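Student: based on what follows, work out the 3D shape:
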Amino acid sequence: MIRKIAIKNKIGAAICSLLLAAAVLCAFVFAVPALSESDAARPVGYKGVLRLWHIDGFEGGKGDRASFLARVARAYESANEGVLIMITSHTPESAEDALDRGFLPDMISYGGDCAFAADIALPLAKYDCAAASAGGETLGVPWCEGGYFLFTAEGDFSDVSAENTVLSQGRGTFPVAAAALEGLRGAFEVQPSVQAYVSLIDGKYKYMLGTQRDVWRFSTRGFSVEAKPVESFSDIRQYLSVCTGSAEKYNACLDFLDLLLSEEVQKQLVSVGMCSPYFEIYGEE
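Tutor: The predicted structure follows:
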């Protein structure tokens with residue numbers, strides 16, 4: 001009898017243990033909310049190095065666009081622990097050479113003279129930019145821009161002609177196209193940007209068609225001019241494309257692009273004398 005009671009007590013203890021374990025498991029399951037489908041699919045934040053190539057496609061404003069990108073990169077790194085953005089400055093030629101040798105950036109910043117960027121850029125579904133699209137997909141978006149201007153120290157722009165106007169030819173710009181689309185006709189003199197700027201100051205020409213770079217040249221020298229925007233044509237834009245094939249890196253690059261295009265960052269473009277493609281940042285200036 002004693003033996004039978006001991007066996008029963010052991011069986012009862014085992015059943016109690018199982019019931020207790022089941023109760024604890026149920027309590028845990030109901031205490032922790034179930035992961036939603038979106039939570040389960042959410043990628044883990046990227047930790048590592050993002051490589052950004054920067055190519056100056058045209059003369060800028062009054063500062064260094066690579067340094068501007070570096071400041072934005074440091075802000076991004078502060079908000080995303082474990083991520084480092086490494087910026088490398090290239091010319092179009094050195095970038096193509098690096099690509100030929102098998103190197104590929106995660107992002108690339110470039111001007112309109114870098115057609116090869118379309119070969120490595122991935123679609124950006126949430127953005128729309130006809131100037132940087134192919135096959136119905138946006139492959140890049142502008143993050144800063146400039147523009148063409150007519151300058152004069154003594155005129156009112158009513159008598160602009162090929163005889164009294166010089167076109168300033170800077171790197172990556174097409175002043176002849178800007179003049180033609182503005183309705184200016186004739187055989188205009190085209191000079192390198194610095195030479196054209198000096199020609200206007202010296203009074204050799206009454207007018208000059210230049211870019212945002214000349215706004216800051218005149219300002220730095222203290223030479224007073226009137227400036228009239230050429231609104232019919234502008235191709236002076238710096239684009240950014242994402243190139244990485246890694247899903248984690250791609251999402252991290254999109255986050256950086258969102259920061260770069262944010263209103264807070266875009267307003268800081270005044271520090272490098274450039275304009276925003278999305279916001280008015282100069283008021284009436």
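Student: name the nearest residue to Cys114, ignoring sequence neighbours.
Tutor: Pro92 (5.3 Å; Cβ to Cβ, 6 or more residues apart in numbering). Where you see a C-beta, it was placed from the backbone N, CA and C, and this is true even at glycine.
Student: what residue ranges in the stretch 151-285 of the chain score low on pLDDT?
Tutor: 284-285 (pLDDT under 70).
Student: which parts of it are helices?
Tutor: 175-181, 193-201, 212-221, 247-260, 263-266 (DSSP state H, counting those that start in this stretch).
Student: any chance of a markdown table for these, columns distance to Ile87?
Tutor: Putting the helices of the stretch 151-285 of the chain into a markdown table (distance: least, Cβ to Cβ, whole Å) gives the following:
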| stretch | distance to Ile87 |
| --- | --- |
| helix 175-181 | 30 |
| helix 193-201 | 26 |
| helix 212-221 | 22 |
| helix 247-260 | 11 |
| helix 263-266 | 15 |
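Student: show me where this protein has strands.
Tutor: Along the chain, counting by DSSP state E, strands occupy 48-55, 83-90, 107-110, 133-134, 137-138, 141-145, 148-152, 165-169, 189-192, 207-211, 226-230, 237-242.
Student: now these as a markdown table including distance to Ala118?
Tutor: Formatted as a markdown table, the strands of the chain follow (distance: least, Cβ to Cβ, whole Å):
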| stretch | distance to Ala118 |
| --- | --- |
| strand 48-55 | 14 |
| strand 83-90 | 16 |
| strand 107-110 | 10 |
| strand 133-134 | 6 |
| strand 137-138 | 10 |
| strand 141-145 | 13 |
| strand 148-152 | 25 |
| strand 165-169 | 25 |
| strand 189-192 | 29 |
| strand 207-211 | 24 |
| strand 226-230 | 27 |
| strand 237-242 | 8 |
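Student: out of the ones you listed, nearest to Glu182?
Tutor: strand 226-230 (5.1 Å; Cβ to Cβ).
Student: one step back: distance to Ser232 and mean neighbour count added to the helices of the stretch 151-285 of the chain, as CSV?
Tutor: Output for the helices of the stretch 151-285 of the chain, formatted as CSV (distance: least, Cβ to Cβ, whole Å; neighbours: other Cβ atoms under 10 Å):
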stretch, distance to Ser232, mean neighbour count
helix 175-181, 4, 18
helix 193-201, 20, 18
helix 212-221, 16, 18
helix 247-260, 28, 18
helix 263-266, 24, 14
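Student: which one of those lies nearest to Gly102?
Tutor: Across the helices of the stretch 151-285 of the chain, Gly102 has its closest neighbour in helix 247-260 (17.4 Å, Cβ to Cβ).
Student: just checking, what packs against that closest one?
Tutor: In terms of contacts (3 or more Cβ pairs under 8 Å, 6 or more residues apart in numbering; DSSP states H and E), helix 247-260 is packed against strand 48-55, helix 65-79, strand 107-110, strand 141-145, strand 237-242.
Student: export those to TSV and tack on mean neighbour count and distance to Leu259?
Tutor: Converted to TSV, the helices and strands packed on helix 247-260 look like this (neighbours: other Cβ atoms under 10 Å; distance: least, Cβ to Cβ, whole Å):
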stretch	mean neighbour count	distance to Leu259
strand 48-55	20	12
helix 65-79	17	5
strand 107-110	26	12
strand 141-145	22	10
strand 237-242	25	11
